[in-house]
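Q: pasted the sequence and its predicted model underneath.
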Amino acid sequence: MNSVENKNLIVPVIPLPGECVVSDGRAGEETVYTRQDGIPSEGYMLICDDKGINVLYSDDKGRFYANKTLDMLKSYYKEGLPHLRISDCPRLKYRGFMLDVARYFFKTEDLKKLADALALMKINVLHLHLTDDQGWRMEIEKYPLLTEIGSKRSSTNGNFKKHEGFYTRAEMKDFVEFAKERHITVIPEIDCPGHMRAALAAYPELGCFGRKLKVADHWGVKHDIMCAGKESSYAFLFDVFDEVLEIFTGGYLHLGADEAVKTRWKICPHCRRAIQKGGLKDENALQVAFLNRINREYLRPKGVKGIIWVYDEVPDGLDEDIIVQVYGENAFGKGIDLKGHTAIDSDSAAYYADFPYGITPLEKTFGHEPDGTKVAGAEICLWTEYVKDFAKVGKMSFPRSCAAAERMWNNNTGYDDFVLRLEASNIIKEYGGTPVKAANPSAKRAILQKIWWGRRPLHWEGLKNLIENVAVKIRYTRGKHD
Ligand code: ACM
Ligand code: ZN
């Protein structure tokens, strides 16, 4: 097919958002690209007629997305495109997909495959959950033990199999560039102050009592978290962030901040002193002060936006320029008060792709409408406790992320039409996804999946935490700490 860039063609702008009309007639061979004022950023129009294919686009991103749609159309209409008119632009500026690479590590080749799929779906953010209790996955030159020790665990939930892996700085630089070429911003997450057991295993002094710990080898929330009362914790984080932001240049840093259990902070002399000195009400206020300090001293001066996880309540006193990623079930439907924060919708009832399809079927994900007046963006999230290889990443994410992406753009022609187009495309096959029928399982299959999923709390972590908490309290409230 020929293709030319046309600077002069005046084509009447079809009002965006959203139009898709296909009619009889075979489109001509020539492709003409025209940058067109009046089309919203990232938006595009395709007009195929006897003469050929007219691509009208707003900016480089719009041109890129127009080509993605053309690629899909061409893979379906192998004999040539029909006459058609399609116009579209995004409803949400931030259209994200999160992959947890901490619970299981995925190679950069896999990340590249994923980025290609995301680009096809016109998703523009890949959020990498790089660190957690069970693994630290990003090389940090100043703190080599983070990966030498923190990227390895001896076993997973009692399976006696080692698991390890991390990204070198060079690998990640290359990947960030690869993603950028596909108009995808890679957002790194360094989860703190909780979910830091892998870092604590490498550098015990980051914890409240300097306890010697192993990289966590079981799932479940841990009670040993980073100390928020020691100056050295902030120095460590700022060093780590320096190296991270040198590679991830998209202007965002995800700080996690979820599930930070305050058991240790309650009895830690450093944390108690910080609470007293700051005139803070309690440990929750200390976490807010911890995040605000990172924001004020580190992120703001660099022009980087911080993001944190929030379940269904935005903490009081949190700096307003910190973005909140809301994951509570139907938190927006229940009217969460955003307290002036910009929000990302990751409603776990619709957008947690680790849930079996029996709990979160494709139709449910498609049916969830991120409220574009309240949120800057939405993000589908794949936690990987039960996703140990890349084949399963495909099964869990596709086609659910296609459905989420569809609702992040304007051209919504309804679920049935979405499924028709989805099945006509090659996406599910190419990325090893779940067929539509299995992605909306029968009630019988759904019950079995719910039982399988429901077994998760049946591990010993809660009991272990209880016993350990008593032991720590006895030992460290009798003065045996550094
Ligand atoms: C989360 O699901 N803990 C963010
Ligand atoms: Zn402490």
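A: Ah, there it is. Ligands and ions are numbered 1, 2, ... in the order given.

Q: if I pick Asn469, what's in contact with it?
A: 223, 263 (C-beta atoms under 8 Å, 6 or more residues apart in numbering). (Each C-beta comes from the backbone N, C-alpha and C, glycine too.)

Q: that one - that's part of a helix, no?
A: Yes - the assignment for Asn469 is a helix, going by DSSP: H, G, I helix; E, B strand; the rest coil.

Q: if I look at it, how far off is ligand 1?
A: Distance of Asn469 to ligand 1, given as C-beta to the nearest ligand atom, to the nearest Å: 20 Å.

Q: please apply the same query to Arg137.
A: 17 Å.

Q: ok, and the closest non-adjacent residue to the closest residue to ligand 1 within the stretch 151-300 of the chain?
A: Closest approach between the stretch 151-300 of the chain and ligand 1, counting by C-beta to the nearest ligand atom: Asp258, at 4.0 Å. Nearest residue to Asp258, sequence neighbours excluded (C-beta to C-beta, 6 or more residues apart in numbering): Trp309, at 3.8 Å.

Q: wouldn't that neighbour be in contact with Ile323 here?
A: No - judged on C-beta atoms under 8 Å, Trp309 makes no contact with Ile323 at a distance of 10.5 Å.

Q: let's verify the residue nearest to Asp258: helix, strand, or coil?
A: strand.

Q: check Val22 too.
A: Val22 - assigned by three-state DSSP - is strand.

Q: how about stretch 322-337: buried residues?
A: 322-328, 331-332, 336 (16 or more other C-beta atoms under 10 Å).

Q: how many residues are close by Gln276?
A: Counted with other C-beta atoms under 10 Å, the neighbours of Gln276 add up to 10.

Q: that one belongs to a helix?
A: Yes - counting by three-state DSSP, Gln276 is found in a helix.

Q: now do the same end-to-end measure for stretch 142-149.
A: End-to-end span of stretch 142-149 (C-alpha to C-alpha, to the nearest Å): 14 Å.

Q: and for stretch 82-96?
A: End-to-end distance (C-alpha to C-alpha), stretch 82-96: 32 Å.

Q: and the one residue in the stretch 351-482 of the chain that gets nearest to ligand 1, how far from Lys392?
A: Closest residue of the stretch 351-482 of the chain to ligand 1, C-beta to the nearest ligand atom: Trp383 (6.6 Å). Trp383 is 12 Å from Lys392, where distance means C-beta to C-beta, to the nearest Å.

Q: what about those two, which has more around it?
A: Trp383 (20 against 16).

Q: surely the more buried one meets Asp354?
A: Yes - counting by C-beta under 8 Å, Trp383 does reach Asp354; the two are 4.3 Å apart.

Q: quick revisit: what about the residue of the stretch 151-300 of the chain closest to ligand 1, which SS state?
A: Applying three-state DSSP: Asp258 is coil.

Q: number the chain from 209, please
A: Done: numbering now begins at 209, and the last item shifts to Asp466.

Q: for Gly402, see how far away it is.
A: 7 Å.

Q: give me the more crowded residue out of the two.
A: Gly402 (23 against 15).

Q: identify the residue nearest that one in space, chain neighbours excluded?
A: Ala468 (3.2 Å).

Q: neighbours of that neighbour, just the number please.
A: Neighbour number of Ala468 under other C-beta under 10 Å is 25.

Q: mind checking how far it is from ligand 2?
A: 12 Å (C-beta to the ion, to the nearest Å).

Q: phi, psi for that residue please.
A: Backbone torsions of Ala468, given as degrees, to the nearest 10, read phi -90, psi 100.

Q: OK, contacts around it?
A: 401-403, 433, 495.

Q: quick one: contacts for Glu614?
A: 574, 620, 626.

Q: beta partners of the residue nearest to Asp466?
A: Gln533 (DSSP bridges).

Q: okay, it and Arg481: tell me how far apart.
A: Trp517 is 27 Å from Arg481, by C-beta to C-beta.

Q: okay, these two: which has more neighbours?
A: Taking neighbours as other C-beta under 10 Å, Trp517 and Arg481 compare with Trp517 leading, 23 against 12.

Q: let's see the pLDDT reported for the more buried one.
A: pLDDT recorded at Trp517 is 98.

Q: equivalent analysis for Asp625, please.
A: Residue-level pLDDT assigned to Asp625 equals 89.

Q: send me the helix or strand hosting it as PDB with only the CA atoms.
A: Element membership for Asp625, per DSSP states H and E: helix 623-632. The C-alpha trace of helix 623-632 is given here as PDB (Å, rounded to 0.1, in the frame of the first residue of the first chain):
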ATOM      1  CA  TYR A 623     -20.700  -5.300  24.900                       C
ATOM      2  CA  ASP A 624     -22.000  -7.500  22.000                       C
ATOM      3  CA  ASP A 625     -20.300  -5.400  19.400                       C
ATOM      4  CA  PHE A 626     -17.100  -5.400  21.500                       C
ATOM      5  CA  VAL A 627     -17.200  -9.200  21.600                       C
ATOM      6  CA  LEU A 628     -17.700  -9.400  17.900                       C
ATOM      7  CA  ARG A 629     -14.700  -7.200  17.200                       C
ATOM      8  CA  LEU A 630     -12.700  -9.000  19.900                       C
ATOM      9  CA  GLU A 631     -13.300 -12.400  18.400                       C
ATOM     10  CA  ALA A 632     -12.600 -11.100  14.900                       C
END
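
Q: who are the packing partners of that helix?
A: Using 3 or more C-beta pairs under 8 Å, 6 or more residues apart in numbering; DSSP states H and E, the elements in contact with helix 623-632 are helix 570-575, helix 608-616, helix 644-647.

Q: quick one: Arg686 is in a strand?
A: No - assessed with three-state DSSP, Arg686 is coil; it does not lie in a strand.

Q: for Lys489, grab the count of nearby residues.
A: Neighbour tally, Lys489, other C-beta under 10 Å: 12.

Q: low-confidence ranges, the stretch 409-558 of the chain, go.
A: Along the stretch 409-558 of the chain, the model assigns pLDDT under 70 to no residue.

Q: up against ligand 2, what does it have?
A: 416, 435, 437, 476, 478-479 (C-beta under 5 Å from the ion).

Q: and the most centrally placed residue in the chain, what element?
A: When the chain is reduced to its mean C-alpha position, the closest residue under C-alpha atoms, centre = their mean turns out to be Met306, at 2.1 Å. According to DSSP H and E, Met306 maps onto strand 302-308.

Q: next: Glu317.
A: helix 316-328.

Q: what lies in contact with that helix?
A: With C-beta under 8 Å, 6+ apart as the test, helix 316-328 has contacts from 272, 276, 279-280, 305, 307, 309, 314, 332, 334, 336, 375, 379-380, 382-383, 386-387, 390-392, 598, 601, 605-606, 609, 635, 638-639.

Q: if any of the residues you listed are buried, put those into a PyMOL selection.
A: Restricted to buried positions by 16+ other C-beta under 10 Å, the PyMOL selection for the contacts of helix 316-328 reads:
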select buried, resi 272+276+280+305+307+309+314+332+334+336+375+379+380+383+386+387+390+391+392+598+601+605+606+609+635+639
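
Q: among the contacts of helix 316-328, name the ones in strands.
A: 305, 307, 334, 336 (DSSP state E).

Q: could you dump those to JSON lines with distance to Leu453 and pLDDT?
A: Conversion of these to JSON lines gives the following (distance: C-beta to C-beta, whole Å; pLDDT from 0 to 100):
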{"residue": "Phe305", "distance to Leu453": "21", "pLDDT": "98"}
{"residue": "Leu307", "distance to Leu453": "20", "pLDDT": "98"}
{"residue": "Leu334", "distance to Leu453": "16", "pLDDT": "98"}
{"residue": "Leu336", "distance to Leu453": "14", "pLDDT": "99"}
